[in-house]
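Novice: sequence and predicted structure, then a few things I'm wondering about:
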Amino acid sequence: MLYKKPLNFFGIGALLVIICAPPTIAAVSQSLPSPGTYKIDPDHSFAYFGAWHHVVGLVRGRFDKVTGIITVSQDLAACSVNIVIDASSISTQNTERDEDLRGPDFFDVKKFAGLAYHGRGIRRISGGSWIIYGSLTIRGVTKVVPLTFTFKGLFPDTLPGKPARAAFHASAATKRADFGMTRDNLMELGAFPSSKPDVEIEIDVEADANFPTR
């Protein structure tokens, strides 16, 4: 087979941000949205990753099925996020590689259908940037993976009777080996791998307001 098994990759599904703030319908300048629950729209939400490849390269991909709920509260400690990502929806623009990543050496989708990220409580880093220390579960392994995020604002053209729609951007980083993805790590990371994360994540989400919470 000409295809060489690819990046020993760790793609993250970890996702999104949670936020809290006083009620507001302000737009992009507002650092946080109104309290309530926000349902993620899977048709307009994407989790992208970049994983080290043969030490000096980078392979990019994404997950196409992201669902979940973001809970926003005036109490920062009560803000939460619960996200599920369909591991089988991975796409790296190479069918053979995608099937390999769905296999037992990586996401093992027949045994572990989804990736899950659960977090509660946030704090401000600076300006409009926030952080949450949530738990990411992949292949039955759970690790704390922090995400930094910003609230990008509410859609300014929402039709009457339709829920408010919020947009967020988040980023994170981790190591594939933390989740048992170790095949080909010598080839991918080198004989003396860096202690730094070898997978970077970028997440863009749109979510609709549901109902208010206290």
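Specialist: Thanks, I have the structure now. Numbers count the residues shown, from 1 in each chain.
Novice: please count neighbours and contacts with C-alpha atoms only from this point.
Specialist: OK.
Novice: ends of stretch 65-79, how far apart?
Specialist: 23 Å (CA to CA, to the nearest Å).
Novice: mind checking what helix or strand follows the lengthiest strand in the chain in sequence?
Specialist: Secondary structure of the chain per DSSP state E: the longest strand is strand 141-154. From strand 141-154 onward toward the C-terminus, using DSSP states H and E, the following helix or strand is strand 165-174.
Novice: any idea what Ile201 is bridged to?
Specialist: Taking DSSP bridges as the rule, Ile201 bridges to Phe49, Ala172.
Novice: how far is the longest strand of the chain from where the chain is centred?
Specialist: 7 Å (CA atoms, centre = their mean, to the nearest Å).
Novice: buried ones in it?
Specialist: Across strand 141-154, burial judged by 16 or more other CA atoms under 10 Å covers Thr142, Val145, Pro146, Leu147, Thr148, Phe149, Thr150, Phe151, Lys152, Gly153, Leu154.
Novice: same check, this time on stretch 36-48
Specialist: In stretch 36-48, the ones that count as buried by 16+ other CA under 10 Å are Gly36, Thr37, Tyr38, Lys39, Ile40, Asp41, Pro42, Ser45, Phe46, Ala47, Tyr48.
Novice: let me see the mean pLDDT of it.
Specialist: For stretch 36-48, mean pLDDT is 93.
Novice: lowest-pLDDT helix or strand in this structure?
Specialist: The weakest-scoring helix or strand in the chain, judged by mean pLDDT, DSSP states H and E, is helix 185-189 (a mean of 62).
Novice: follow-up on the earlier one: so which elements touch the longest strand of the chain?
Specialist: strand 129-138, strand 165-174 (3 or more CA pairs under 8 Å, 6 or more residues apart in numbering; DSSP states H and E).
Novice: sheet-wise, list the partners of that strand with their directions.
Specialist: Partner strands and pairing direction for strand 141-154 (DSSP bridges) are strand 129-138 (antiparallel), strand 165-174 (antiparallel).
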